[in-house]
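>>> Give me the fold of what follows.
(2 chains)
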Amino acid sequence: MGNGPGGASRRVTAVIVGGGQAGLAASHCLAGHGIDHVVLERGQVANAWRRQRWDSLQLLTPNWLTRLPGCSYRGPDPDGYMDAAQVADFISAYSAARGTPLLEQTRVTSLQQEDEGYRVQTDRGDWLCASVVIASGAFNIPVIPSLAAALPRGLDSLTPFQYRNPRQLADGGVLVVGASATGLQLADEIQRSGRRVILAAGEHVRMPRTYRGRDILYWMHRTGLMDESWREVDDIRRARRVPSPQLKGSPSRECLDLNSLAAREVEVVGRLAGVSGSTAQFSGSLDNTARLADLKLNRLLDRIDDWIVRAGLPGSEREADRPAPTVLDAPHRLTMDLGSGEVRTVIWATGFRPDYSWLQVPVLDRKGLLLHDGGVVAAPGLYALGLPFMRRRSSSFICGAAEDAREICDHLATYVRSQWRRGRIRAA
Amino acid sequence: MNMYTPIVDNGVNVPALLEAREALAEMPEAARFQWRASCHWVHGTHCQSEVERFSGLGKEQSHKRCFTFDADHPEIFAAEDSGATPVEYILVGLASCLTAGVASVAQHRNIQLNSVRATVCGDMDIQGILGMDRDVRNGYQGIQVVFEIDADASPEDIEAVVAQSQKRSAVYDIVTNPSAVSVEVRS
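Numbering: from 1, shown residues only, chains lettered A, B, ... in the order given. Coordinates of the predicted model:
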């Protein structure tokens, strides 16, 4: 049983699930170890970048940080930000230049433990292997809160995967739920299209685009914050849940935060806490939520300032252009009648989760997330890549793929060789 | 594992709380508590409530003794003022929860508290409860909390403790977010 349309199952030492930046970085590293492997990609390389991003999306990280093992940005604009198509092209070119052993249009339908290794079933045949790298991404499925089911009929309800641009929206107001990078960017461009926007803001991470004349990611990189290890942070479970920072990549490097949106008449209200009949209920905790984000922002800038002093860099207090505290109209409204026609569309920028519906190995926690120790999954020979704060703060960024892939593939190579020595598996 | 150096004493056993959190991560069903109160009518608007039993950690639990609370209304409401008004109990609950949270968070962050005072004000237009104006809600229009804290820490660190206390406060959550309430009459 289990053989694909091609007949017998094929054998390979390692299977990489997912042909995005993480999977391709892993392929590069496994090739360096001389480990035969195959990359299985459900669509085409960099699929999510091609199909699951809205039209105007630009990377949060500047071009000079857009790099993969053995390949860095060489274009004319190191301080710019790629759009989704440019990212997809960058990743595709990376794959092509390396002759990656890649099978596109091959969807993994199940992964099971079998004998001393794994059986990977796909819609184009089975693979038997000693080791698997799960590089299928952390943001596969939009998370929509259960209260969405209580929305009155007649409202359009969109996820960020369904949203392309403001022109697709019905005439009328838009309620954007969520204040991470996605929520703020969508609220920003929808407001600019001339629509009325209400933004329901829960816990969020505020971050200025630039500080002391440089991109905030320059500072996070220089100070070592991007490389901070999962073993160093106080509470790694919390660190892995932190939403994406309120950043936007744009040529003007403008700052995007609740202040800048409120100044353009976006109505900022508290977290969407309930829907009762046709009434949306917003939390009264916005004040504290904004305060927490301001405090955290200033702790980040304190760390950068401390680093500048320790490093002996020139710089004056005057250059410390800290963003002003968040000031919102108080009190904001606590309810809104969703049946009044004020709002025609609700956009759920409420996060994403990985899709492990194909994973038949008991390595998920009760919330459906992968149990792993720095990407080493709790089943021998099984690894992950590209998850938030997996081994370092940059783990889910393109620039984090190289180091994570190197370390995970070193572990994988050691495991596979020990299995070869014991004769548990044969070299393919 | 959190490293903890007990050089600060606010009287909160943070290591025990952190251990409990680790243990509950393994058995989340034990984290489900039920809090209870019973209330009986005395006379007029005077009611007396009792709090004693609750459940949690997978079994029935009990306070060390039964606590009683008298609630009534002031004389200007043509009542006998035998206790605080129910809406004042809400303020007591909010202030107590936030202040206990300040002590716990400060302990966890190794901040010695010398004194903490929370003053809570709730603004209410009683046209709501008197049914005089349907545009006026029954409950508070807004609640303001002022903390005066003397602690061995910078103003920013103290502010962060207060903010974190709100983030983790049950009563703050109950007051700022809607809750479903079911009321049943048994004959």
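
>>> tell me, what residue is most central in chain B?
In chain B, the residue lying closest to the centroid (C-alpha atoms, centre = their mean) is B:Gly93, at 3.2 Å.

>>> Assign that residue to helix, strand or coil.
Assigned with DSSP: H, G, I helix; E, B strand; the rest coil, B:Gly93 falls in the helix class.

>>> Please report the distance of the closest residue to it other than its chain neighbours from chain A.
In space, and not counting its chain neighbours, B:Gly93 is closest to B:Val171: 4.7 Å by C-beta to C-beta, 6 or more residues apart in numbering or on different chains. Every residue, glycine included, has its C-beta placed from N, CA and C. B:Val171 sits 12 Å away from chain A, taking C-beta to the nearest C-beta, to the nearest Å as the criterion.

>>> B:Val171 should be in a helix, yeah?
Yes - assessed by three-state DSSP, B:Val171 belongs to a helix.

>>> so what's B:Glu159 up against?
A:Arg291, A:Leu295 (C-beta atoms under 8 Å, 6 or more residues apart in numbering or on different chains).

>>> any low-confidence regions in the chain?
No chain was given, so I picked chain A. Along chain A, the parts satisfying pLDDT under 70 run over A:1-7, A:315-318, A:424-428.

>>> Chain B, not that one
Ranges of chain B meeting pLDDT under 70: B:1-6.

>>> Get me the contact residues on the stretch 101-250 of chain A for chain B.
Proximity of the stretch 101-250 of chain A to chain B, by C-beta under 8 Å from any C-beta of the partner chain, involves residues A:Glu203, A:Asp234, A:Asp235.

>>> now the helices for the chain?
Picked chain A for this. Ranges of helices in chain A, per DSSP state H, are A:21-32, A:47-51, A:84-98, A:181-192, A:216-222, A:236-239, A:258-263, A:286-310, A:401-421.

>>> That was the other one, I meant chain B.
B:14-26, B:86-108, B:155-167, B:170-176.

>>> Output the contacting helices and strands for the second one.
It refers to helix B:86-108. Secondary-structure packing of helix B:86-108 (3 or more C-beta pairs under 8 Å, 6 or more residues apart in numbering or on different chains; DSSP states H and E): helix B:14-26, strand B:59-71, strand B:113-123, strand B:142-151, helix B:155-167, helix B:170-176.

>>> How far does the fourth one sit from its chain's centre?
Distance of strand B:142-151 from the chain centroid (C-alpha atoms, centre = their mean, to the nearest Å) equals 14 Å.

>>> Contact residues of chain B facing chain A?
B:2, B:28, B:142, B:156, B:159-160, B:163-164, B:166-167, B:172-173, B:175-178.

>>> circling back to that earlier point, point out the most buried one among the helices of chain A.
Among the helices of chain A, helix A:21-32 has the highest mean neighbour count (mean count of other C-beta atoms under 10 Å in any protein chain shown), at a mean of 26.

>>> Convert that helix to CSV, retaining C-alpha atoms only.
Listed next in CSV are the C-alpha coordinates belonging to helix A:21-32 (Å, rounded to 0.1, in the frame of the first residue of the first chain):
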residue,chain,number,x,y,z
GLN,A,21,13.5,30.3,1.7
ALA,A,22,13.8,27.8,4.6
GLY,A,23,13.6,24.7,2.6
LEU,A,24,16.0,25.9,-0.1
ALA,A,25,18.5,27.0,2.6
ALA,A,26,18.3,23.5,4.1
SER,A,27,18.9,22.0,0.7
HIS,A,28,22.0,24.1,0.2
CYS,A,29,23.3,22.9,3.6
LEU,A,30,22.5,19.2,3.1
ALA,A,31,24.2,19.4,-0.3
GLY,A,32,27.2,20.7,1.6
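
>>> how far out from the middle of the chain is it?
The answer for helix A:21-32 is 19 Å, by C-alpha atoms, centre = their mean.

>>> Between helix A:84-98 and that helix, find me the angle.
10 degrees (axes from the mean of the first three to the mean of the last three C-alpha atoms, to 10 degrees).

>>> what helices or strands is helix A:21-32 leaning on?
strand A:14-17, strand A:37-40, helix A:84-98, helix A:401-421.

>>> quick one, which of those is nearest to chain B?
helix A:401-421 (22.9 Å; C-beta to the nearest C-beta).

>>> re the thing from before, would you turn the helices and strands packed on helix B:86-108 into TSV with distance to A:Arg196?
TSV is the format used below for the helices and strands packed on helix B:86-108 (distance: least, C-beta to C-beta, whole Å):
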stretch	distance to A:Arg196
helix B:14-26	43
strand B:59-71	45
strand B:113-123	29
strand B:142-151	25
helix B:155-167	30
helix B:170-176	25
